[in-house]
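# Kindly generate the corresponding structure for this input.
(2 chains)
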Amino acid sequence: MRTQAESYDLILVGTSFASSFFLLEYQRRRPGARVLALERGPLLSHAEHGSRAGALDEDAVASFRNLTPSKPWVFRLAFGGSSNCWAACTPRMTPEDFELKTRYGVAVDWPIRYDDLERHYSEAEDVMAVAGPASGGPWPRSRPFPQPPHRLSEPDRRLQHAQPDLWCVQPCARPTRPTTRGRLACCATGVCPQCPIDSKFTILNELRGLYDAPAVDLRTGAQVLEIDHAGGVATGVRWTEGLRDRRASAPVVALGANAIFNPYLLQRSGLDGPEVGRGLVEQVSIEVEVDLDGVDNFGGSTLVSAIGYPLHDGPHRRTRAAALIESHNAPVVLRDVRGRWRQRLGLRVIFEDLRQPGNRVSTSRDDAERPDVRFESHSPYARAGLASLPEALPRALDALPVERMRIAREPNAGEGHVQCTTPMGTDPGTSVVDSDLRHHQIRNLLVLGASVFPTCPPANPTLTLSALSLRAAERLLT
Amino acid sequence: MTRRTFLVIGAVVAAGAGALVGIRQVGWSRIERNWGRFERLEGFGRSPIARLRAHFAWLEVEPGAHQRYLADYQDAFGLVGRFSILRPTFYTAFLLSTDFFERGGDRRPTGRAVRYVSFYDPVIAPCGNPLAGTPPTDEEVARGFGATT
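Numbers count the residues shown, from 1 in each chain, chains lettered A, B, ... in the order given. Reported below is the predicted structural model:
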């Protein structure tokens, strides 16, 4: 049954980071504007996310046809999206990450530079109450982090002392002080995806109020089916809600689903193109266990205490992927040797990757309601990075008395950072949106989130995609 | 050389050559990576309580602590028996479930039996990481904590 289209100033698809940071800036500039926010999943409490995590994970898995089951894609379909299950690590991308082509002759440059995003990075960090180092880190900053840094472990301190430019406290949205909205300081429980004390930033605990504004109409259980458009202009969206077919119109439509459903919705809407859905990727990471001789670990005050850049930039990046090194503090890797329980360091090394044409999201011939997701492989560039690890990592850890180092047999199956399926760029022939995240052909249609990343840098994407959303709303309304 | 000595030497040489060929075929790195599985066979064939007691024979533990831990462990991970290959964390999680670290038992003798506190499960019993440091104090921050050294 079709109902009469309702009319709004903005239709927002999804309620995760991308949509919520866009809405935050949009409301600042247009406080009374009528907004329709469509969320496919339910609105659950923090406690329900904990108790129903397994079922919610199954819902996400069932929402698409994974043609490569060995490669999982992790996200959450619920109000606040994957903010409900992220680990809250928020490193910025480095200036070099934006300029892979110019600096290293690899892949493409982003159509914006670090400086274009710096102010928005700072704003996003303020909203999330990010704890970060007083100095250091490869990110030029215009103002300090809003929260003091976490405490480093002893191995972290030694690494930082030896290479002060390359190791620092991990910036994260796990605060060191209670926040103004009542989030408690992180207590290093180490199970961040299900933070038991609701300390990490989520849309639910910090930005829920955006959706309570009288001018915002939040619909949960609302699955968007397609974007209406005519004559090169988006006119609204069609969705199902409670088995009813619905339609709304607006002069601006912003897609903030994720890197699987953003391209899928474009394809379903007849807005396919050579780059839509193509290049699906996320970083590739691998676990490393390091036994230390006489140095105790685990004294940091949060799950990931330090972040290292010795494998990040350098001439090697012309031929193999850059990597970040995370230093972990959860005692699950305690060493089972009497008197030496703490002498073990858990590391995760995270490599960047590049878009690969065989990895893609597409409409399915066999299923009218779900996209096909196919993943052929990580790029040779990422695989070369991984292959270099046994030789490169010992040099990076030279400041530690390493007794034994064990690199996991296989990389982790997934990172939960789906990216790159509607890339941003200046050329409509090789990209889907411009630097303001506006669709090249449908100018009043914005595509938000990590699907717009043209490359997949080692840094966790959340802070960057949130900053991009703040910037996109500002650019749209000025 | 007697015939017996000749046979013994021959057997030793053959076994050594066989081992070398085997290592070459399998790959030393693979053997090294899987060594932990053999370590987890410690006490194989004995009851889990006996394995715990033997592993921590040097540690004074309050009566009933092993049993309580095993019960909670089995609630979380399922039954374990004499012939189970235990998870790598079976023993370390026992220590984390007691007041061993909290009382500094890993640094010095405490002169008393360790007590069972609760099964180490950071979701059910949050903020119970006995090894974690605390965030820097305001005084430390004022003194420049977190600046690159």
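# any bit of the helix or strand containing B:Arg24 sitting next to chain A?
Here B:Arg24 sits within helix B:3-26, counting by DSSP states H and E. No: using CB under 8 Å from any CB of the partner chain, helix B:3-26 stays clear of chain A, coming no nearer than 13.9 Å. The way it works is simple: take the backbone N, C-alpha and C, and place the C-beta from them, glycine included.
# could you pull out the helices for the stretch 251-400 of chain A?
Secondary structure of the stretch 251-400 of chain A by DSSP state H, counting those that start in this stretch: the helices cover A:261-268, A:380-396.
# which SS class is A:Ala234?
Classification of A:Ala234 by DSSP: H, G, I helix; E, B strand; the rest coil places it in strand.
# And A:Thr240, by the same measure?
Following three-state DSSP, the label given to A:Thr240 is strand.
# was I right about it contacting A:Gln223?
Yes: the criterion here is CB atoms under 8 Å, and A:Thr240 meets it with A:Gln223 at 5.2 Å.
# right, and the helices of the stretch 251-400 of chain A - which one's nearest B:Arg51?
helix A:380-396 (34.4 Å; CB to CB).
# ok now that closest one, how far from the chain's centre?
23 Å (CA atoms, centre = their mean, to the nearest Å).
# Please identify the buried residues of it?
Across helix A:380-396, burial judged by 16 or more other CB atoms under 10 Å in any protein chain shown covers A:Tyr381, A:Ala382, A:Arg383, A:Gly385, A:Leu386, A:Ser388, A:Leu389, A:Ala392, A:Leu393, A:Ala396.
# do stretch A:217-234 as well
Buried positions in stretch A:217-234, judged by neighbour count with 16+ other CB under 10 Å: A:Asp217, A:Leu218, A:Arg219, A:Thr220, A:Ala222, A:Gln223, A:Val224, A:Glu226, A:Ile227, A:Asp228, A:His229, A:Ala234.
# Tell me which residues touch residue 6, please.
As the question left the chain open, I've gone with chain A. Contacts of A:Glu6 were listed using CB atoms under 8 Å, 6 or more residues apart in numbering or on different chains, and they are A:Leu36, A:Arg246, A:Arg247, A:Ala248, A:Ser249.
# should've been chain B
For B:Phe6, no contacting residues are found, by CB under 8 Å, 6+ apart.
# quick check, A:Asn205 in a helix?
Yes: under three-state DSSP, A:Asn205 falls within a helix.
# ok, how many other residues are close to it?
When neighbours are counted by other CB atoms under 10 Å in any protein chain shown, A:Asn205 registers 19.
# ok, residue 85 - how many residues close by?
You didn't say which chain, so I picked chain A. Around A:Cys85 there are 22 other residues, counting by other CB under 10 Å.
# To clarify, I was referring to chain B.
Neighbour count for B:Ile85, taken as other CB under 10 Å: 12.
# Repeat that for B:Arg87.
Per other CB under 10 Å, the neighbour tally for B:Arg87 reads 13.
# tell me the domain ranges of chain B?
Per the record, chain B has its domains at B:1-39, B:45-149, by automatic domain parsing.
# For A:Tyr121, find the nearest of these.
Across the domains of chain B, the minimum distance to A:Tyr121, taken as CB to CB, is reached by domain B:45-149, at 18.3 Å.
# Report whether the closest one contacts chain A.
Yes: on the criterion CB under 8 Å from any CB, domain B:45-149 is in touch with chain A at B:58, B:88-89, B:91-92, B:95-96, B:101, B:106, B:122-124, B:126-136, B:141, B:144-149.
# Filter those residues down to the buried ones, ChimeraX style.
Burial among the residues of domain B:45-149 next to chain A is assessed by 16+ other CB under 10 Å; the matching ChimeraX selection reads:
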select /B:88,89,91,92,95,96,101,106,122,126,128,129,130,131,132,133,135,136,141,145,146,148
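# Just list the residues touching A:Val13, thanks.
Neighbouring residues of A:Val13 by CB under 8 Å, 6+ apart: A:Ser19, A:Leu38, A:Val224, A:Val237, A:Val253, A:Ala254, A:Leu255, A:Gly256, A:Ala257, A:Leu265.
# What ranges in the chain fall below the confidence cut-off?
If you meant another chain, say so; for now it's chain A. Scanning chain A for pLDDT under 70 picks out A:1-4.
# that's the wrong chain, I wanted chain B
In chain B, residues with pLDDT under 70: B:29-40, B:146-149.
# just so I have it, where are all the helices in it?
B:3-26, B:28-39, B:48-55, B:65-77, B:90-96, B:138-142 (DSSP state H).
# Pick the most deeply packed of those.
With neighbours taken as mean count of other CB atoms under 10 Å in any protein chain shown, the helices of chain B reach their highest mean count in helix B:90-96, at a mean of 21.
# how far out from the middle of the chain is it?
On CA atoms, centre = their mean, the centre of helix B:90-96 falls 7 Å from the chain's centre.
# residues from the stretch 51-200 of chain A in reach of chain B?
So far as CB under 8 Å from any CB goes, the stretch 51-200 of chain A lies against chain B at A:131-136, A:148-151, A:153, A:157, A:160-161, A:164-165, A:168-169, A:176-177, A:185-191, A:194, A:196-197.
# Just the buried subset of these, please.
Buried members of these, scored by 16+ other CB under 10 Å, are A:131-134, A:136, A:148-151, A:153, A:157, A:160, A:168-169, A:176-177, A:185-191, A:194, A:196.
# Just the ones of those residues in helices?
A:Arg157, A:Gln160.
# ok, the residue nearest to A:Gly105 when sequence neighbours are not counted - how many residues close by?
Of all residues not flanking A:Gly105 in the chain, A:Arg318 sits nearest, at 6.0 Å (CB to CB, 6 or more residues apart in numbering or on different chains). A:Arg318 has 12 neighbours, counted by other CB under 10 Å.
# contacting residues for A:Arg318?
Listed by CB under 8 Å, 6+ apart, the contact set of A:Arg318 reads A:Tyr104, A:Gly105, A:Val106.
# Buried members of these into ChimeraX, please.
ChimeraX command restricting the contacts of A:Arg318 to the buried ones, with burial defined by 16+ other CB under 10 Å:
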select /A:104,106
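# Closest one of the contacts of A:Arg318 to B:Leu41?
Closest approach between the contacts of A:Arg318 and B:Leu41, by CB to CB: A:Val106, at 47.2 Å.
# mind checking which helix or strand the closest residue in space to the closest one that isn't next to it in sequence is in?
What sits nearest to A:Val106 in space, not counting adjacent residues and going by CB to CB, 6+ apart, is A:Leu100, at 4.7 Å. Per DSSP H and E, A:Leu100 falls inside helix A:100-104.
# And for the next helix or strand after that helix, what's in contact with it?
As assigned by DSSP H and E, the chain's next helix or strand after helix A:100-104 is helix A:114-128. For helix A:114-128, the surrounding residues in contact (CB under 8 Å, 6+ apart) are A:21, A:24, A:88, A:90, A:92-95, A:97-98, A:132, A:139-143, A:145-146, A:171, A:173, A:201, A:206-207, A:435, A:463-464, A:466-468, A:470-471, A:474.
# in the stretch 351-478 of chain A, what residue is nearest chain B?
A:Arg409 (6.1 Å; CB to the nearest CB).
# tally of neighbours for that residue?
Using other CB under 10 Å, A:Arg409 has 11 neighbouring residues.
# Am I right that it falls within a strand?
No: using three-state DSSP, the assignment for A:Arg409 is coil, not a strand.
# about what we covered before: got the CA positions of the helix holding A:Leu100 in CSV?
Only the C-alpha atoms of helix A:100-104 are listed here, as CSV (Å, rounded to 0.1, in the frame of the first residue of the first chain):
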residue,chain,number,x,y,z
LEU,A,100,49.5,8.2,-1.4
LYS,A,101,49.8,9.0,-5.1
THR,A,102,51.8,12.2,-4.8
ARG,A,103,54.2,11.0,-2.1
TYR,A,104,54.6,7.3,-3.0
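# Check which helices and strands it is in contact with.
Helices and strands touching helix A:100-104, by 3 or more CB pairs under 8 Å, 6 or more residues apart in numbering or on different chains; DSSP states H and E: there are none.
# Flag every buried residue along it.
A:Leu100, A:Tyr104.
# Can you tell me how far the residue nearest to A:Gly105 is from chain B?
According to CB to the nearest CB, to the nearest Å, A:Arg318 stands 28 Å off from chain B.
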